[in-house]
Every structure is written in C-alpha cells, then in structure tokens.
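Chemist: Output the structure for:
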Amino acid sequence: MKKLFIMALCVASLTAANAQKAQVDAAKKLAGKTEKISEARSAINAAMQDPSTATDPQTYVVAADVEFKAYDAARKKLGLDISKATPEEKMAMDGFLLTAYPNLMKVIEFQANDPKGKAAGEAVKRMKNYVENYYQAGGSYYDNKKYYPEAYQAFMDFGDIVTNPMMKGQVNIPDSIAATSYYYAGLSGWAGNNLPKAIDAFVKARHAGFQDPDCYIRELASWQNLMREDSTITAKAQNAIYDLSKDGFSRFGLEQPIFISNMANVLVEQGKEKQAIDELTKLLQQYPNSGFIYGLRGYVNDRLENSDAAVADYRKAVENNPGYETMVNAAKNIYHAGITKWNTLDARNANVQQERENIRNNYFNFAQQIVDEAKKIAPNGDASALDYLQEQLDYAKTSLK
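Modeler: Coordinates of the predicted model:
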C-alpha cells in the first residue's frame, strides 16, 4: 500500500510538471500572434508561478520570445518602417522590449539549471539581435515627453546589455555608447522626477567612462534636491556630494568651480570649517592665482568669524578676477567689516578722524570699486543683487562722519 501511495505521488507530480511544461509549449506556439498575446502571457505567467517550471531558464526564453515576436509582428505590420507608426503605436511596440528584458535576466539568474548553456545561449542571441532597438526605444519615449519612466528603463536596458560580460565579443558597440545611454537614463529619471533612479543611472554613466561634467553636476543636483525633500538622508547625501565633488574636481579642475564649491559647502554644513580652510589652503598652493579659491576661503573664514582673515582673502580674490558672484560676496564682506571697525572706534581717541578716513578708503571706497567692477560683468547685465549694498555704501560714504 505504501509503495502504491509513493507511486501515486510520483505520477501526480509528473502530471503537474507536464501540465506546466504544456503551458510553456502553448505560450511558445502562440508567440508572434498579436491577437493572442494576452493568452500567451497568461500561459507563460502560469508556468512562472509553478515550482516545476519557475526556475527553468527555458521558461523565460519563451517569455521573452512572446514579447520579441510581438514586437516583430508590430514592425512587420508597418512594413518594417517604424517611422510610419503613430506615437501611440510606437510606444506600445517598444513596450514589448521593456517586458522582454527582465525575462532574459531571469534566464541568466537560473543558468545553473541549464548545464548545457542552451537557454543562456538563446538569451545572448536575443540580446544581440535587439540591443539597438532598446536605444531607439529610449529616444522615442524621451522625445514623447510623457514616458520618462519607460525612457529610463529602455536606456538602462541598453547599457546593461552592452556591458554584460556575456555579451563580450557579441556586439560591436563601444562602451562609450553604453555610458551615454546610462547618462540619457539619468536625464530621463531627472525629467520624470525620480531622483534616486536618476542618481543610479548617473553613477553607472560615470563608472562606464562618461566624461561630460554635466553628468556629475546633475547627480550633485539630484542629491541636493533629495536632501531638501527628506532631511533624514542629510548625512548620506552630504557624504555623496562631497565624494562626487572631489572626483569631479580631480577630473575637471577649476574649469568647473562648482565641484570645489560643493566640497567647501559640505564641510561648512558639517561644522568642519577648519578642514575646509586646510583643504583650500593646499589648493591655493596648486592654484596661487585663483580668485575663486581665495573667495571660498574668505567665505569660510567669515563663517568662523575670522574677520581680518576673511577680508584679506577677499582682497586677494578681487586681485585675481574671481567672477561676479565672488566679487559680490567680497564687496559685502569688506563693507560689513568696515562697519564693524567703524562701530568700535573710540570717539575720544585723538586719532579717531584718521582712523575713520582709513576705514573709508580701505573698506567703503574699496568695496565701491569692487561693486563698480562687478556691475560690468553682471550676468545678462542684471546687477540687482548689488542694489541694497549700493544703498548701504552710499549712506556710509555720505552720512558717517
């Protein structure tokens, strides 16, 4: 009786396995029949859920084929001329590609169950045949402006296919194109306001060798926006911004001053002003004529309330053509330092008038000279940021006696 029971169990298991194998075969036969795609998907999904076929790589080869053949059928319907497709038809057609790719990754995940490598070989063949279509799909989705998540996925899939070790020697696509595709995925995540995904894509682009500073800058902006939205990730975001800025500065130097600026800002926000001063001082040994770095050190000294050191740095900054923003900061800092010194003068001192004259010349008049020069280089001729300072300087020069 026991032997009969065991035999019954074996027969039942074999019957269930055969039933699910039949689902895979059914999906395989339906693949390519556009009107039957829902039926094909239903059959293959049932096989994916059943333990007897859920880890069989061949199940996922068929699942991918259901989508690829639907894509091919849609192209054939257009006479292979995709340009004839309406935007809606193109988006739907490209959707088959996006659904297919995760199934190919499942083939690779379960390739240990495919000792002869037949299924893995089939997956590589599919990726080789369709890889360029993913890049084109990303562009179509992005240009449509309504499908940024889909654009993100298509560009990421393309990059992942090209850089997959199994594809080595299979496709003649440079890694630089994969890096560019990851960058476009980052732009798609940014445009779709999915900042964590944008960051993931920009990171992949950098690691794949994408050298445009815009990739670094957008990744920085993504972290900064995330930090504003969620204060619980402040420490993580600040560390990421600092490391990314350090990497960006090592690659682009002062050609992109945003990187060194972010490094200093993070250290100041973390209460590490002394470290910021030390790092900026070392950089000044490398770039002794950088007005921008002098201006940054002046800003940090100001935060430390090292007024005299801040003024000295801002004076050096102005001597070295630092740019509009630094000149504005320098003028403000020097004016305020002058007011502070003015307010500490002792009117009973016999030399007080001479001291006041020195402050006018060395602080107020000097700040005015900076303002005048800054106005000449204001972006788009807009020097409104200096309006209030100009009022203060006018008052200091005419009313303070």
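
Chemist: Now do the helices for the stretch 1-150 of the chain: every range, in order, please.
Modeler: For the stretch 1-150 of the chain, applying DSSP state H, counting those that start in this stretch gives helices covering 2-30, 37-49, 51-54, 57-77, 87-109, 118-144, 148-163.

Chemist: Then the stretch 301-401 of the chain?
Modeler: Using DSSP H, counting those that start in this stretch, helices in the stretch 301-401 of the chain cover 307-319, 324-343, 352-359, 365-376, 387-399.

Chemist: how distant is the third one from the center of its chain?
Modeler: Averaged C-alpha coordinates place helix 352-359 at 53 Å from its chain's average position (Cα atoms, centre = their mean, to the nearest Å).

Chemist: Ok, the fourth one next?
Modeler: Between the mean C-alpha location of helix 365-376 and the chain-wide mean there is a distance of 38 Å, by Cα atoms, centre = their mean.

Chemist: can you list the residues that contact it?
Modeler: Applying Cβ atoms under 8 Å, 6 or more residues apart in numbering, the contact partners of helix 365-376 are 315, 318, 324, 327-328, 330-332, 334-335, 338, 383, 386, 389-390, 393, 397. Where you see a C-beta, it was placed from the backbone N, CA and C, and this is true even at glycine.

Chemist: on that earlier part again, hey, which of the helices of the stretch 1-150 of the chain is tucked in deepest?
Modeler: Here the criterion is mean neighbour count by mean count of other Cβ atoms under 10 Å, and of these the winner is helix 148-163, at a mean of 25.

Chemist: Which other helices and strands does that one contact?
Modeler: helix 87-109, helix 118-144, helix 175-191, helix 195-207 (3 or more Cβ pairs under 8 Å, 6 or more residues apart in numbering; DSSP states H and E).

Chemist: Report the mean confidence score over it.
Modeler: What helix 148-163 shows for mean pLDDT is 96.

Chemist: CSV please, covering the helices of the stretch 1-150 of the chain and showing distance to residue 401.
Modeler: Listed next are the helices of the stretch 1-150 of the chain as CSV, based on distance: least, Cβ to Cβ, whole Å:
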stretch, distance to residue 401
helix 2-30, 93
helix 37-49, 87
helix 51-54, 89
helix 57-77, 83
helix 87-109, 73
helix 118-144, 65
helix 148-163, 63
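
Chemist: Mind giving me the ChimeraX select for the contacts of helix 365-376, buried ones only?
Modeler: A single ChimeraX command suffices to select whichever of these are buried according to 16 or more other Cβ atoms under 10 Å:
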select :315,318,324,327,328,330,331,332,334,335,338,383,386,389,390,393
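
Chemist: ok so, going back, just send the helices of the stretch 301-401 of the chain back as JSON lines, with distance to residue 178 too.
Modeler: Shown next, in JSON lines, are those (distance: least, Cβ to Cβ, whole Å):
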{"stretch": "helix 307-319", "distance to residue 178": "42"}
{"stretch": "helix 324-343", "distance to residue 178": "37"}
{"stretch": "helix 352-359", "distance to residue 178": "61"}
{"stretch": "helix 365-376", "distance to residue 178": "44"}
{"stretch": "helix 387-399", "distance to residue 178": "50"}
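
Chemist: Next, format these as TSV and append mean pLDDT and distance to residue 149.
Modeler: Shown next, in TSV, are those (pLDDT from 0 to 100; distance: least, Cβ to Cβ, whole Å):
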stretch	mean pLDDT	distance to residue 149
helix 307-319	94	45
helix 324-343	92	36
helix 352-359	91	60
helix 365-376	93	44
helix 387-399	90	44
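
Chemist: who wins for proximity to residue 290 among the ones you listed?
Modeler: Across the helices of the stretch 301-401 of the chain, residue 290 has its closest neighbour in helix 307-319 (8.5 Å, Cβ to Cβ).

Chemist: ok, residues contacting the closest one?
Modeler: So helix 307-319 is in contact with 291-292, 294-295, 297-299, 301-302, 326-327, 329-330, 333-334, 337, 340, 366, 370, 373, going by Cβ under 8 Å, 6+ apart.

Chemist: Which of the residues in that helix are classified as buried?
Modeler: For helix 307-319, the neighbour count (16+ other Cβ under 10 Å) marks 309, 310, 311, 313, 314, 315, 316, 317, 318 as buried.

Chemist: Which of those residues sits closest to residue 167?
Modeler: Distances from residue 167 to the buried residues of helix 307-319, taken by Cβ to Cβ, are shortest for residue 317, at 51.4 Å.

Chemist: so how far is residue 129 from the closest one?
Modeler: Going from residue 317 to residue 129 by Cβ to Cβ, to the nearest Å gives 59 Å.

Chemist: likewise residue 269?
Modeler: Applying Cβ to Cβ to residue 269 and residue 129 gives a distance of 50 Å.

Chemist: Buried residues in stretch 172-180, which are they?
Modeler: By neighbour count on 16+ other Cβ under 10 Å, the buried set for stretch 172-180 is 173, 177, 178, 179, 180.

Chemist: Just give the closest residue to the first one, not the sequence neighbours.
Modeler: Excluding its sequence neighbours, the residue lying closest to residue 173 (Cβ to Cβ, 6 or more residues apart in numbering) is residue 162, at 5.0 Å.
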